[in-house]
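**Q** okay, sequence plus prediction incoming.
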Amino acid sequence: MAGVRPRVRVPKEAAKGEVVEIKTLISHQMESGQRRDSKGEIIPRQIINTFTCTFNGDEVFSADWHGAISANPYMQFFMTAEESGTFEFTWKDDDGSVYTETAELTVN
Amino acid sequence: MAQVRLTTRTVPVTRREILRFAGIGLIAAAAVPLAPGRASATADDVSAIVAERFGGAEPKEGRIDLVLPEIAENGNTVPVSVRIDSPMTTNDYVKSVSIFAEGNPLPEVATFRFTPRSGVAEASTRMRLAGTQNVVAVAQMSDGSVYMAKKEVKVTIGGCGG
């Protein structure tokens, strides 16, 4: 789907062992497959069905989303900061599209 | 400006993905009676999914803090948070939490998978609720035990289209 824009908020720095909060938001209509158009036909489902967050390649958190997740899906979760590195966030769309975003974290 | 990469998948299919896909098939099969046309799921539908997914393990009470508004004015975007009491070490952590809406056309809302790296087993998102109903959270621990919590949300304007 075109025009999908991921946004991520993570701290730039953290102390070793600190639990950091991660917030993500991605613009997407999340068409549930339950709605009908003006002709009474069901509008086919098109949602982001999977979200994954890795840090330096290791999975931190992932989620399966169903049609009941609101438009512009928001996800908040946590990670223990052990070493500096890169977060990679991946969203997978029903239509096969994959949206990605990265963020850096420096651990002091 | 965030960078968006649009790609189609070309990596080989792994065993895990095949299993996951098979799982989706099972869920889809289970969901057939709930397909559009039927008004809503029921508590029994949620119990059936839970029993199937967790191998019949009897869900216990406790450990889950399910945070929901008492009254949601707009059913299109209802905040939901789960927090599970767990040390989150490599030997003892929360593997997953699934959220179900008993009164939605399709009861499954989301599944969150944690790792020991998560630090705390806490996650928040926003969901659609078709009307006033119970929301259920089911957590699976690394030792296989299963916990469940349930809470009612009163919805002023339902959020499942129509």
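**A** Looks like it arrived, so ask away.

**Q** same question for the host helix or strand of residue A:91, mean pLDDT?
**A** Per DSSP states H and E: residue A:91 is located in strand A:85-93. For strand A:85-93, mean pLDDT rounds to 97.

**Q** try stretch A:13-26
**A** Stretch A:13-26 shows a mean pLDDT of 96.

**Q** any part of stretch A:90-97 near chain B?
**A** Yes: interface with chain B: stretch A:90-97 contributes A:96-97 (Cβ under 8 Å from any Cβ of the partner chain). Placement of C-beta: from N, CA and C, glycine included.

**Q** quick one, helices of the chain?
**A** Here I'm looking at chain A. For chain A, helices defined by DSSP state H do not occur.

**Q** chain B, not that one
**A** B:15-31, B:43-53.

**Q** taking chain A, what residue is nearest to chain B?
**A** Closest contact between chain A and chain B, by Cβ to the nearest Cβ, is at residue A:35 (3.2 Å).

**Q** quick one: that residue and residue A:42 touch, right?
**A** Yes: the pair residue A:35 / residue A:42 is scored as a contact, 7.3 Å apart, by Cβ atoms under 8 Å.

**Q** just the strands in the chain please.
**A** Went with chain A since none was named. Secondary structure of chain A, counting by DSSP state E: strands at A:6-9, A:13-14, A:19-26, A:48-55, A:58-65, A:74-80, A:85-93, A:98-107.

**Q** hmm, no, I was thinking of chain B.
**A** According to DSSP E, the strands that chain B contains are B:64-67, B:71-74, B:78-84, B:94-101, B:108-114, B:121-127, B:133-141, B:146-157.

**Q** can you put those strands in CSV and add mean neighbour count, mean pLDDT and distance to chain A?
**A** Output for the strands of chain B, formatted as CSV (neighbours: other Cβ atoms under 10 Å in any protein chain shown; pLDDT from 0 to 100; distance: least, Cβ to the nearest Cβ, whole Å):
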stretch, mean neighbour count, mean pLDDT, distance to chain A
strand B:64-67, 17, 96, 12
strand B:71-74, 14, 93, 10
strand B:78-84, 21, 97, 8
strand B:94-101, 24, 96, 6
strand B:108-114, 23, 97, 4
strand B:121-127, 23, 97, 4
strand B:133-141, 22, 95, 10
strand B:146-157, 17, 93, 12
